[in-house]
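Trainee: From the sequence below, what's the structure:
(one chain, ligands or ions: 2)
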Amino acid sequence: NKIEHVVGTGTGVLGDTKSINTTLRNGLYYLEDQTKYMYTQKGSTIKTNDFRNGTGTQTLMSDSDNVWNTTSQRAGVDAHYYAGKVYDYYYNTLGRNSYDGLGRTIISGVHYSTNYNNAFWNGTQMTYGDGDGTTFRPLSGALDVVAHELTHAVTDYSADLVYSYQSGALNESWSDAMASVIDSNDWLIGEDVYTPNTAGDALRSMSDPNAYGDPDHMSEYVNTSSDNGGVHTNSGIPNKAFYNFATAIGSRDVAGKVWYRALTSYMTSSTNFSGARSATLQACAALYGSNSSYYTALQNAWTAVGI
Ligand SMILES: CCCCC[C@H](S)C(=O)N[C@@H](Cc1ccccc1)C(=O)N[C@@H](C)C(=O)O
Ligand SMILES: [Zn+2]
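Mentor: Ligands and ions are numbered 1, 2, ... in the order given. Here you go, the predicted model:
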């Protein structure tokens, strides 16, 4: 029973072709990526499962010829491919080995439930719905969605921000911010999978949260109990602060490094918006000095959103 790493060809959710890292075992090919440092370190892999439109049993996706081009394979191809990209960003740019920093295996499951217009990290794995074809197409088809979800895992293994009210909005915002660094060609969130019949829109905007009904200033903070205290709405305020900082200094990568250092060194489960301001300033000082131009730009970025 020879087990070996091979490279397959897959079609993604948007019909695009890409090479994927797969494993050949007993004559079948599997969506299991053995090419990352975590594999050589401890045999950990990136694995992609299929819920087959249920919510319980999930099975590792397999194929007979390593050409993953059926319609039902598209969501798995992208979940697998983009998880690898997000792993690479955290490892190569931020020096973090998987979401726990210790090279833990990354598991995704696609085709979760039916017409499911969401994706989430459940504490153990990433899970993606197919969407209903109007609000969303299969959500793993967007790099920013995958980056958003895997960043929740990073958050859970670091600051572990409570998922409600201001700490919850920060939890959501940090996922959007890291997603905007990794999927860096615009300041939109979810544009590739949101409303397939409407071009040019997105679920959220980092540069203009108001464009999709989200606040971009503390004066517009929404006091609500729904959505765990408006975590997907009030995230617009720190999202705008991240946008302000990244554009003022002209680097998403530097902004991402500051945000990551804040999350992993200075934020805790109960950090609120003003705590996020001080955590990012502490991170910026640690990385670049409090006399750096970055530090001043960061102060201005938070002040501009009323924090
Ligand atoms: C199941 C319960 C809700 C879990 C919320 C997950 S973490 C989440 O925030 N999902 C993202 C998915 C996403 C990410 C980026 C771009 C598009 C869509 C999310 O924003 N979900 C929205 C639809 C929401 O739950 O309101
Ligand atoms: Zn989220």
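
Trainee: If we ignore the residues flanking it in sequence, what's nearest the closest residue to ligand 1 within the chain?
Mentor: In the chain, the residue that lies nearest ligand 1 is residue 190 (2.9 Å; CB to the nearest ligand atom). Every residue, glycine included, has its C-beta placed from N, CA and C. In this structure, residue 190 finds its nearest non-sequential neighbour in residue 203, 3.5 Å apart by CB to CB, 6 or more residues apart in numbering.

Trainee: May I have the biggest helix by length in the chain exported as PDB, CA atoms only?
Mentor: Scanning the chain for the longest helix, with DSSP state H as the assignment, gives helix 165-182. The C-alpha coordinates for helix 165-182 follow below in PDB (Å, rounded to 0.1, in the frame of the first residue of the first chain):
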ATOM      1  CA  TYR A 165     -20.200  42.500  21.200                       C
ATOM      2  CA  GLN A 166     -16.900  44.400  20.900                       C
ATOM      3  CA  SER A 167     -14.500  41.400  21.300                       C
ATOM      4  CA  GLY A 168     -16.700  39.500  18.800                       C
ATOM      5  CA  ALA A 169     -16.600  42.300  16.300                       C
ATOM      6  CA  LEU A 170     -12.800  42.300  16.700                       C
ATOM      7  CA  ASN A 171     -12.800  38.500  16.200                       C
ATOM      8  CA  GLU A 172     -14.700  39.100  12.900                       C
ATOM      9  CA  SER A 173     -12.600  42.100  11.900                       C
ATOM     10  CA  TRP A 174      -9.300  40.300  12.400                       C
ATOM     11  CA  SER A 175     -10.500  37.500  10.100                       C
ATOM     12  CA  ASP A 176     -11.500  40.100   7.500                       C
ATOM     13  CA  ALA A 177      -8.300  42.100   7.900                       C
ATOM     14  CA  MET A 178      -6.000  39.000   7.400                       C
ATOM     15  CA  ALA A 179      -8.200  37.900   4.600                       C
ATOM     16  CA  SER A 180      -7.700  41.300   2.900                       C
ATOM     17  CA  VAL A 181      -3.900  40.900   3.200                       C
ATOM     18  CA  ILE A 182      -3.900  37.300   1.800                       C
END
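
Trainee: now stretch 141-154: mean pLDDT?
Mentor: Average pLDDT, stretch 141-154: 98.

Trainee: Correct me if wrong, but residue 163 is in a helix.
Mentor: No: using DSSP: H, G, I helix; E, B strand; the rest coil, the assignment for residue 163 is coil, not a helix.

Trainee: just checking, it touches residue 228?
Mentor: Yes: under the criterion of CB atoms under 8 Å, residue 163 makes contact with residue 228 at 5.7 Å.
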